[in-house]
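In: Provide a 3D model corresponding to the input given below.
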Amino acid sequence: MTTTQSLVGIPMELSQNLNIHVSNDIEHQSDSDSNLSKIFKDPIHGTIRVTGLCVKIIDTPQFQRLRYLKQLGGGSFVYPGATHTRFEHSIGTYYLAGKFARILEEKHQGRFQDGDIECIEIAALCHDLGHGPFSHVFDNRFIPRVKPGSTWKHEEASVQMLEYLLKENEDVKKAFEEFDKDGSRLELIKDIILGGKQTKYVKEALVEEKRKKRFLYEIVANDKTGIDVDKWDYFARDGHMMGIKGTFDQDRYMELARIIDVDEECPRICARNNEASNLYDMFHTRMMLHRRACQHKVTIGVELMIVDVLQTLDDIVQIPGEGGQRRKISECIDDIEAYSKLNDSILQLVEDEITLGTKGQDAKETTEKLKTARTILKRLRSRDLYKCVGKHILSAKEDVCMMSFLNIEQAKEEILEEGKKEILEEGKKAFKGEHFEIVVGTV
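Out: Model prediction:
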């Protein structure tokens, strides 16, 4: 499909809560740990029964943290109903992963080994444990700004958070050890979260045989085709909360999908040719949601304001981590204990003047930076948002790769020239190139 990229200029110096849609009404079905289950009433999938080890994982501080991470970052400033979180998305992804895997197992007896489906479900449940404040705002905007060249990804943090979860919760650790006698299942879970790529987080020898069954890796996060249950849940959930309806039929796709030994490749999940139109609807839904939410000019403005606040606070906020060591916000990605304390509420702590544990060496600098951060937050709350001053959509003939070599300063000057007349005519205060950023979005 065609890739589009847009340039959006955002003024940065001109001027200067949580609804959970997964029910808390949880019904315990058994007092036995091995048969423990909980029921969640989900607005998207209806009744979801979570069983076994996954129940214990959900009832940990590390997983409950997801309640305080908005799924769409700044999207709720455009769509007021889009205040859903990573918590309910993770449970929805768990549900779809288990459903899809069992449909495939029924049609392909012997393809799945004992424990494979449970590993897929746990991977689906935990795949977003590593998200930071305001989800992709943290890893796509904040970290690249304060740590240029960083290769850190939230998927890696998800694996680290899962390991930390097991370390910090003895009852979960014991239950997991019962499930995973030789340690190979934990490695498979981590490998599925990471997409089966070679990394330092997975013991290669324990997953070598599993990687020959690529279909195990194509249910939760399919980096080969982009067709996976993670997307299906957020298509349905984000669309529902935003009031935008998609037409993709995930149930039809699951029923018609097959595991096939592809020539010169491992067995993969394949679709019938008459599913092409349904898959087109899926990718069209993705494009529509990205354009209307993620790349909406107001969403981008809000998210850049959030990043400005986080960047301003980065040198003064101290978050306790491993061994009692105090970490900057940007340093938390290297300390999973400190990272587990990060969530969207960090803005509320700043805005309401709650004690932040800030550095005392330079009180004046601390005061000034807190004042700057609170000024931006005051603008955000009063909807005095960053404005879009220019936009460019690439045509089909333009080379998408050119964006990597774009002269940003030149682009800023061109945007300034275009907007200068309007600014002068309205008698507004002129602004310079350093007052705004260029944001590149890809669909």
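In: so where do the helices sit in the stretch 301-443 of the chain?
Out: Along the stretch 301-443 of the chain, counting by DSSP state H, counting those that start in this stretch, helices occupy 336-339, 346-351, 363-381, 408-425.
In: and those, which one's lowest on average pLDDT?
Out: Averaged per stretch, pLDDT over the helices of the stretch 301-443 of the chain is lowest on helix 408-425, reaching a mean of 63.
In: May I have the secondary structure class of D223?
Out: Three-state call for D223 (DSSP: H, G, I helix; E, B strand; the rest coil): coil.
In: Please parse the protein into its domains.
Out: 65-297, 315-381 (automatic domain parsing).
In: Out of those domains, flag the one nearest C388.
Out: domain 65-297 (3.9 Å; C-beta to C-beta). C-betas here are computed from N, CA, C, even on glycine.
In: and the closest residue to L162 other than its chain neighbours, how many residues sit next to it?
Out: Nearest in space to L162, with sequence neighbours left out and distances taken as C-beta to C-beta, 6 or more residues apart in numbering, is C126 at 5.0 Å. For C126, the neighbour count with other C-beta atoms under 10 Å is 28.
In: Output the contacting helices and strands for the longest helix along the chain.
Out: Assignment by DSSP state H gives helix 86-107 as the longest helix of the chain. Identification of packing neighbours for helix 86-107 by 3 or more C-beta pairs under 8 Å, 6 or more residues apart in numbering; DSSP states H and E yields strand 37-42, strand 46-51, helix 61-64, helix 116-126, helix 229-242, helix 250-256, strand 258-261.
In: Quick check: nearest residue in space to K212, chain neighbours excluded?
Out: Closest residue to K212 apart from its sequence neighbours, by C-beta to C-beta, 6+ apart: C266 at 5.1 Å.
In: can you count the residues close to that neighbour?
Out: 13.
In: buried sites along stretch 77-96?
Out: The neighbour-count criterion (16 or more other C-beta atoms under 10 Å) identifies 77-79, 82-96 as the buried residues of stretch 77-96.
In: Pretty sure C332 is one of the things V146 touches, is it not?
Out: No: counting by C-beta atoms under 8 Å, V146 does not reach C332; the two are 11.3 Å apart.
In: Determine which member of these two has the greater number of neighbouring residues.
Out: Between V146 and C332, counted using other C-beta under 10 Å, C332 has the larger neighbour count: 22 against 17.
In: now the angle from the host helix or strand of F283 to helix 229-242?
Out: Element membership of F283 [criterion: DSSP states H and E] is helix 276-289. If you take axes from the mean of the first three to the mean of the last three C-alpha atoms, to 10 degrees, helix 276-289 sits at 60 degrees to helix 229-242.
In: I'd like the distance from helix 276-289 to the chain centre, please.
Out: 20 Å (C-alpha atoms, centre = their mean, to the nearest Å).
In: packing partners for it?
Out: Short answer (3+ C-beta pairs under 8 Å, 6+ apart): helix 276-289 packs on helix 229-242, helix 250-256.
In: Mind picking out the helix or strand in the protein with the poorest mean pLDDT?
Out: For the chain, counting by mean pLDDT, DSSP states H and E, strand 5-11 ranks last in confidence among helices and strands (a mean of 42).
In: circling back: pretty sure the residue nearest to K212 contacts Y217?
Out: No: counting by C-beta under 8 Å, C266 does not reach Y217; the two are 9.5 Å apart.
In: Mutual contacts of those two, please.
Out: R211 (C-beta atoms under 8 Å, 6 or more residues apart in numbering).
In: for the stretch 101-250 of the chain, what spans make up the strands?
Out: All residues of the stretch 101-250 of the chain lie outside strands when identified by DSSP state E, counting those that start in this stretch.
In: quick one: the helices in it?
Out: 116-126, 136-137, 143-146, 154-168, 170-179, 184-193, 204-207, 229-242, 250-256.
In: Tell me the gap between the first one and the middle of its chain.
Out: Going by C-alpha atoms, centre = their mean, the spacing between the C-alpha centre of helix 116-126 and its chain's C-alpha centre is 18 Å.
In: just the third one next, same as before
Out: Distance of helix 143-146 from the chain centroid (C-alpha atoms, centre = their mean) equals 16 Å.
In: on contacts alone, who are the packing partners of it?
Out: Looks like helix 143-146 contacts helix 297-313 (3+ C-beta pairs under 8 Å, 6+ apart).
In: Show me what the helix it packs on is in contact with.
Out: Under the contact criterion C-beta under 8 Å, 6+ apart, helix 297-313 has outside partners 8, 10, 12, 72-75, 77-78, 133-134, 137-138, 141-142, 145-146, 293, 329, 346-347, 350, 356, 369-370, 372-373, 376-377, 379-380, 385-388, 391, 437, 439, 441.
In: Please convert the buried members of those residues into ChimeraX selection syntax.
Out: Per 16+ other C-beta under 10 Å, the buried members of the contacts of helix 297-313 correspond to this ChimeraX selection:
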select :8,10,12,72,73,74,75,77,78,133,134,137,138,141,142,145,146,293,329,346,347,350,356,369,370,372,373,376,377,379,380,385,386,388,437,439,441
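In: re the thing from before, now do the longest helix of the chain and helix 229-242, the angle between them.
Out: Going by the same axes, to 10 degrees, helix 86-107 makes 130 degrees with helix 229-242.
In: helix, strand or coil for L66?
Out: Going by three-state DSSP: L66 is helix.
In: ok, it - how many residues close by?
Out: 23.
In: for it, what are its contacts?
Out: Here L66 is in contact with 85-87, 90, 128-129, 131 (criterion: C-beta under 8 Å, 6+ apart).
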